[in-house]
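*Asks:* Got a predicted structure here, sequence first:
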Amino acid sequence: MRKLQIRPMLMRSPAPAWRRRVPAAFIPPCQPVVADRVPSGDGWLHELKHDGFRIIARKEGDHVRLWSRNGRDWSAEFVAITAALRGLPADFVLDGEAVAHCSEGLPTFMAC
C-alpha cells in the first residue's frame, strides 16, 4: 500500500500595512543595474551605485516627502535631507540614493 504524504501549505503573510498603502503621488524609482562600463552617447544619464537607500524625493511648496522604492515614507528618519530639500526654491521630484558616509568619506550602508 502506498503511503500518502501530507505537507502543510506554506502561505505568505500579508504585506505590512505601509506597503499596501502606497501614496497616490508615489512614483516608483529607477532600479540600478550592474554594468561593466558606463553608458556613453547622447541621451544617456547615469550615476554610480552607492551603498544606500533608493529614494524618491518630492517637494511641493514647504511639503517634502522621501519615499523608498516600496512607498515607505522616510521623511522623519532622514531629517537632514528633508530639511535641505525644503530649503530649495522650486517644486520637484528627484530620484536618487540616500547615502551615509563613514569617517573616511566612503559610503557605508550600515551607517544608514
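*Replies:* That came in fine, so what should we check first? Residues are numbered from 1 along each chain as shown.
*Asks:* tell me which helix or strand of the protein sits lowest on mean pLDDT?
*Replies:* Every helix and strand of the chain was ranked by mean pLDDT, DSSP states H and E. The lowest is helix 17-20, at a mean of 53.
*Asks:* Tell me the neighbouring strands of the next helix-or-strand element following that one, and mark each as parallel or antiparallel.
*Replies:* Once the chain leaves helix 17-20, the next helix or strand it forms, by DSSP states H and E, is strand 53-60. When pairing is defined by DSSP bridges, strand 53-60 lines up against strand 63-67 (antiparallel), strand 92-98 (antiparallel).
*Asks:* which stretch among those comes nearest residue 35?
*Replies:* strand 92-98 (16.0 Å; CB to CB). To be clear about C-beta, it is placed using only N, CA and C from the backbone, and glycine gets the same treatment.
*Asks:* Can you give the contact residues for that closest one?
*Replies:* 27, 29-30, 47, 49-50, 52-59, 66, 74, 78, 81, 85, 112 (CB atoms under 8 Å, 6 or more residues apart in numbering).
*Asks:* Could you do stretch 38-57 as well?
*Replies:* In contact with stretch 38-57 (CB under 8 Å, 6+ apart) are residues 26-32, 34, 64-69, 74, 78, 81, 85, 92-100, 107-109, 112.
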